[in-house]
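> Provide a 3D model corresponding to the input given below.
(one chain, ligands or ions: 1)
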Amino acid sequence: MFSIVILISGSGSNMQAIVQAAQARQWQARYGAKITAVISNKANAKGLIWAHEQGIPTEVVDHTAYASRALFDAALQAAMDAYKPQLVVLAGFMRILGADFVQHYAGRMLNIHPSLLPAFTGLHTHQRALDAGCRFAGATVHRVTPLLDAGEILAQAVVPVLNNDNESTLAARVLTQEHIIYPAAIEKILLCTHNNS
Ligand code: GRF
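Got it, this is the predicted structure:
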């Protein structure tokens with residue numbers, strides 16, 4: 001079984017899109033792939049309730065309960081590794097992870113970032129795109145490396161910036177595309193892994 005663990009911090013709409021794609025496109029039957037856990041650093045993350053309702057095991061590793069990032073990373077890693085993940089999917093997971101943690105999951109951890117990388121790494125991507133006068137914005141699925149938002153690009157989606165856009169209208173337009181490209185990028189990995197096994 002190809003175990004996929006998803007990490008979230010908030011609403012988890014990307015996680016929902018991935019779980020729905022897994023169901024609709026029968027990832028378990030086709031690729032032997034299963035979303036084995038959804039883990040959040042925030043106990044009140046809305047996505048946790050939804051995942052639980054889908055019958056997916058959920059866990060909380062609260063970063064405020066740990067004295068250092070290293071201790072949090074170690075606790076998170078232990079919680080994740082109980083599910084033996086072949087793929088770790090960061091879906092709106094709002095913690096920067098330490099180099100040792102990233103190294104542990106090297107080559108098997110993905111993130112989605114709401115900009116057309118390499119432009120606008122870090123936070124407030126939509127406002128920065130508006131401030132810069134960009135006529136296009138978008139999202140990027142990439143592999144996670146110790147350097148923030150800098151790993152290999154696997155997929156991108158482009159949306160127009162409209163004249164009357166504000167941060168939230170642009171974010172909403174980008175998010176609809178995230179829900180398409182993230183499941184598709186994961187399925188491509190599943191397909192390649194399945195064909196090579
Ligand atoms: C998305 O815009 C994602 O690109 C960013 O955080 C947001 C998470 O949204 N990293 P959701 O929790 O998946 O709804």
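> Enumerate the residues of this protein near the ligand.
Of all the residues in the chain, those in contact range of the ligand (Cβ under 6 Å from any ligand atom) are 8, 10-14, 91-92, 112-114, 139, 175, 178. Every residue, glycine included, has its C-beta placed from N, CA and C.
> is it possible to export these to JSON lines including neighbour count?
Output for the residues of the chain next to the ligand, formatted as JSON lines (neighbours: other Cβ atoms under 10 Å):
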{"residue": "Ile8", "neighbour count": "28"}
{"residue": "Gly10", "neighbour count": "17"}
{"residue": "Ser11", "neighbour count": "15"}
{"residue": "Gly12", "neighbour count": "25"}
{"residue": "Ser13", "neighbour count": "18"}
{"residue": "Asn14", "neighbour count": "26"}
{"residue": "Ala91", "neighbour count": "25"}
{"residue": "Gly92", "neighbour count": "22"}
{"residue": "Ile112", "neighbour count": "24"}
{"residue": "His113", "neighbour count": "23"}
{"residue": "Pro114", "neighbour count": "22"}
{"residue": "Ala139", "neighbour count": "26"}
{"residue": "Leu175", "neighbour count": "19"}
{"residue": "Glu178", "neighbour count": "24"}
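> who's in contact with the residue in the chain that the ligand sits nearest to?
Across the chain, the shortest distance to the ligand (Cβ to the nearest ligand atom) belongs to Gly92, at 2.6 Å. Counting by Cβ atoms under 8 Å, 6 or more residues apart in numbering, Gly92 touches 8-15, 47, 112.
> This completes my enquiry, with thanks.
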